[in-house]
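Engineer: Predicted model follows, preceded by the sequence.
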Amino acid sequence: MIKHHPTQDLLVNHANGNLPLSMAMAVSAHCSLCDTCKEQLAQLTAQAADLVLAQPKTQNVISGEDTNSNQYEHEGTKTFATQNATLDIEAMMERIMAQPVATNIPNNAPLAVQIKQQHYTVPSAFRQHLTRPWQILGKVSRMRFDVDEMGTRASLLHIDAQGEIPQHTHKGYELTLLLAGEFSDLNGNYVPGDFIMLDGQHQHSPKTVNGCLCYTVLDAPLHFTKGISKLLNPIGELIY
Amino acid sequence: MENIQSQSRQNRYHGPITSLTNAAMDNDTPAHTNLESQVDALAMLILQVADNRDKAAFGQLFQYFMPKIRAFGLQRLNQQGLAMDLVQETMTSVWTKAHLYNAEKGAVTTWVFTIMRNQCFDMLRRVQHNREDTFGDDIWPLCDATSEYDIQPDHKLTAQLLKHLDALPLAQKQVVQGIYMQELTQQELADALKVPIGTIKSRLRLGLEKLKSFLEIHND
Ligand SMILES: [Zn+2]
């Protein structure tokens, strides 16, 4: 059972489209794996939509067939009260209605990922990122996504059976979303869908018995804390 | 009856049925009923666009949503021109993707909000990161492949409901007849009418809601 979920705050911000790409993908992917959060996100989205797009209760319902040229003045916005603006609007509507019905719309079916002869499926949120190359270092493989967010690193991380990441702390937060398989650290065992957010205070060294595939987001490079691991710092950079 | 009501409670944002249950409990909420009939009216307009490429229906949707999207765009993008780009991009998707709207999944406002927010997400990345990528629709998919569920016909209800069949718009009548009288599957109907299965579901839902509203009126 999934025990670790995004906070309410993250879900609200996700519903409103306020999160950066790296985190929006994480919350979206979690919701693909967690029906509880998916349901909650749907409700939060409907609430956000109500605030922005529902008619205020004091006004009447949509006015009906009337499409006279003064309609935009009734909206009460000076900028669009001019005849020219009205013509612009009409031109826009004509351009829009010249468009054909859209086809080939991507759906949210999970996508296949293959690494080291293992076959996995991952949520469709990652659809346009999965063509990036894998970088393999021993039991650890990483596919770093190009999210272009000032130092944030977003990656798929695969660890082979019996593999582990050296103990480390983080400067900023570290998000791990387990997509497939299992791993454990000092805090316990994790199942697919678990959304694990650690701040800079925490140390951990994830180990996996049977192998796992994760999505990770780091907003700062890792800093390894164990003596021996210090020497491995460049590898840490490479891993994530 | 049980069947339809319990389905309606699963989604409080699904307007028309909720209004029926509310109306049964509390007859003194005209503002609320108004809001619900707005929800119903928007759904009808989307279906007219989806089914008939109905320009007048689209014009009404445009009138309704344009100022709201523009206000949202101004707030997020902080520039008149970008706000109007958001209006254009959002309403273009409403026109070209109307067939994807599924009344079972929620109100039209939620669907349009999804399109608008996704578009705005991509526009913000363009402004802030100078990126031409379009990830919004991957993160919040418009097309749900995983959560299809079917409305199970309830035959106890059928005979009573079908008495009012002729009061339905043709498109809904076809679907209700097909499911309840000819016992076609939703997929068979979609194939026969050459519309997506989501449209069949929407019409069936709207049709049943309307029939049920007739029943409630007659029972009072
Ligand atoms: Zn969850």
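Structural biologist: Received, thanks.
Engineer: Okay, domains of the chain per the record?
Structural biologist: If you meant another chain, say so; for now it's chain A. A:8-53, A:111-239 (automatic domain parsing).
Engineer: Can you look at chain B instead?
Structural biologist: B:2-139, B:155-212.
Engineer: Check the burial of the closest residue to B:E89 other than its chain neighbours by counting its neighbours.
Structural biologist: Among residues not flanking B:E89 along the chain, B:Q119 sits closest, at 4.7 Å (C-beta to C-beta, 6 or more residues apart in numbering or on different chains). (C-beta placed from N, C-alpha, C; glycine too.) Under the neighbour criterion other C-beta atoms under 10 Å in any protein chain shown, B:Q119 is assigned a count of 24.
Engineer: OK, contacts around residue 105?
Structural biologist: I went with chain A, as the question did not name one. B:K97, B:L100, B:D137, B:L142, B:C143 (C-beta atoms under 8 Å, 6 or more residues apart in numbering or on different chains).
Engineer: Actually, chain B is the one I wanted.
Structural biologist: A:A42, B:W111, B:D144.
Engineer: Is it correct that A:E149 falls within a helix?
Structural biologist: No. Under the criterion used here (DSSP: H, G, I helix; E, B strand; the rest coil), A:E149 is coil, not part of a helix.
Engineer: Give me the residue at the spatial middle of chain A.
Structural biologist: A:M25 (1.3 Å; C-alpha atoms, centre = their mean).
Engineer: The helix or strand where it lies vs chain B: in contact?
Structural biologist: Assigned by DSSP states H and E, A:M25 falls within helix A:21-33. Yes. Legend: contact between helix A:21-33 and chain B by C-beta under 8 Å from any C-beta of the partner chain is shown at A:L21, A:A24, A:M25, A:S28, A:S32.
Engineer: for the ion, what are the nearby residues on chain A?
Structural biologist: With C-beta under 5 Å from the ion as the criterion, chain A meets the ion at residues A:H5, A:C34, A:C37.
Engineer: Quick check, the residue in chain B closest to chain A?
Structural biologist: Nearest residue of chain B to chain A, counting by C-beta to the nearest C-beta: B:F113, 3.4 Å away.
Engineer: Need the pLDDT of that residue.
Structural biologist: With respect to pLDDT, B:F113 scores 98.
Engineer: Apart from its chain neighbours, what residue comes closest to it?
Structural biologist: Using C-beta to C-beta, 6+ apart, the nearest residue to B:F113 is A:A49, at 3.4 Å.
Engineer: Tell me the pLDDT of the one you found.
Structural biologist: A:A49 is assigned a pLDDT of 97 by the prediction.
Engineer: That one touches B:V112, doesn't it?
Structural biologist: Yes. A:A49 lies in contact with B:V112 (C-beta atoms under 8 Å); the separation is 7.4 Å.
Engineer: Find the residues that touch each one of these two.
Structural biologist: Counting by C-beta under 8 Å, 6+ apart, nothing touches both A:A49 and B:V112.
Engineer: Give me the subset of the contacts of B:K105 that lies in helices.
Structural biologist: A:A42, B:W111 (DSSP state H).
Engineer: If you rank the contacts of B:K105 by neighbours, which is first?
Structural biologist: Going by other C-beta under 10 Å, B:W111 tops those with 27 neighbours.
Engineer: And the pLDDT for residue 132?
Structural biologist: Chain wasn't specified; assuming chain A. 94.
Engineer: think we crossed wires, I meant chain B
Structural biologist: For B:E132, the predicted pLDDT is 85.
Engineer: Could you tell me how many residues sit around the residue nearest to A:L19 when sequence neighbours are not counted?
Structural biologist: For A:L19, ignoring the flanking residues on the chain, the nearest one in space by C-beta to C-beta, 6+ apart is A:N13 at 5.3 Å. Per other C-beta under 10 Å, the neighbour tally for A:N13 reads 17.
Engineer: For A:L44, see how far away A:N13 is.
Structural biologist: 10 Å (C-beta to C-beta, to the nearest Å).
Engineer: The chain: helices as residue ranges?
Structural biologist: Because you didn't say which chain, this covers chain A. Using DSSP H, helices in chain A cover A:8-15, A:21-33, A:35-53, A:71-74, A:83-97, A:227-231, A:233-239.
Engineer: please go with chain B instead
Structural biologist: B:2-9, B:15-25, B:30-52, B:55-77, B:80-96, B:108-129, B:136-139, B:155-162, B:170-180, B:186-193, B:197-219.
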